[in-house]
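Asker: A structural model of the following input is requested.
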Amino acid sequence: MSEYVIGCADCAPRTSDWQLMMREDDMVNSVSSERPTPVQLSVADAARLVLEPTAAQIPDLRALLAKGCFVKVRTGCSLRELICEQFQISPEYLKNDIKVLFLNFSPVNEVDTVFVKDGAILALSGALPGVVGAAMRRDGLSSMRSSITYKESVDERVVRGEGVIHVKLFNLVLADLGESFLKRGVYESSAVLAEFLGRFPIDFWRECKITRNGQVVREGSLFDDLSADDRWTSFSIR
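Answerer: Next up, the predicted model:
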């Protein structure tokens, strides 16, 4: 299955979505070790890539969040604080629409007692189909998967500070929140961005303004720059 979800038609819940959110310790370690450093974030922020798409183009761009991107956050807070205060998602949406939350590939039940650490991997989804989907929901048959439910380590200190986490959005949550995350700004490697943006036809770029550090650039120059070397890029839409 492709890592990207294109357009609203493909935002419907799929049974395979939960498999992409399940615990895989090697992937946790890989994502955490590859996250951008503070210096790399500063370099990326000095040359921000900003697109100004039409409303019709936004569904294609938000598909980047299905693969996952890094975002800056304040760490050491509860998952509820992160979602409602930092991401500015309403408590009602968290309660009624974000049915499945995974932290480091494990399902979460209580958003008030789980704390966000630097390098965490967070996946947010609407309701997923089937018995397995119901078991992954916070308000579903959670007792069926108690062995894989996320549990805080009693030996690990919760440190408040600045950090980066990896965020993935699925199905209806992707459709509803993908645009706001892109407007907030994300970080991705230039190689991934070159591959992702390179899928769009020439007509897409005729209607989408591109700026790099405030300067207007053409799509050809953009791809030359992204392909020059693999580095972290600050990416957002306006």
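
Asker: Quick check: residue 202 vs residue 53, distance?
Answerer: Remark: distance between residue 202 and residue 53 (Cβ to Cβ, to the nearest Å) = 15 Å. Every C-beta, even on glycine, is put in place using the N, C-alpha and C of the backbone.

Asker: now residue 203
Answerer: Remark: distance between residue 203 and residue 53 (Cβ to Cβ) = 13 Å.

Asker: More neighbours: which of those two?
Answerer: More crowded of residue 203 and residue 53, by other Cβ atoms under 10 Å: residue 53, with 21 against 8.

Asker: so what pLDDT did that one get?
Answerer: The model reports residue 53 with a pLDDT of 97.

Asker: Surely it and residue 206 touch.
Answerer: No. Contact criterion Cβ atoms under 8 Å: residue 53 and residue 206 do not qualify, at 11.7 Å.

Asker: Excluding covalently adjacent residues, which one is nearest to residue 238?
Answerer: If the residues on either side of it in the chain are set aside, residue 238 comes closest to residue 52, at 5.0 Å by Cβ to Cβ, 6 or more residues apart in numbering.

Asker: which residues sit in contact with that neighbour?
Answerer: With contact set as Cβ atoms under 8 Å, 6 or more residues apart in numbering, residue 52 has these partners: 208-211, 237-238.

Asker: Give me the buried entries from those residues.
Answerer: For those, a burial check counting by 16 or more other Cβ atoms under 10 Å picks out 208, 210, 237.

Asker: Return the residues in contact with residue 62.
Answerer: 169, 174-175, 178-179, 181-182 are the contacts of residue 62 under Cβ under 8 Å, 6+ apart.

Asker: ok, so what distance separates it from residue 36?
Answerer: The gap separating residue 62 from residue 36 is 21 Å, by Cβ to Cβ.

Asker: What of residue 214?
Answerer: The value you get for residue 214 to residue 36, if Cβ to Cβ is used, is 21 Å.

Asker: Those two: who's more crowded?
Answerer: Between residue 214 and residue 36, residue 36 has the larger neighbour count (other Cβ under 10 Å), namely 20 against 8.

Asker: So the more buried one is in contact with residue 166, correct?
Answerer: No. With contacts counted by Cβ under 8 Å, residue 36 stays clear of residue 166, the gap being 10.4 Å.

Asker: Find residues that contact each of these two.
Answerer: Shared contacts of residue 36 and residue 166 (Cβ under 8 Å, 6+ apart): residue 70.

Asker: isn't there a strand covering residue 123?
Answerer: Yes. Checked against DSSP: H, G, I helix; E, B strand; the rest coil, residue 123 lies within a strand.
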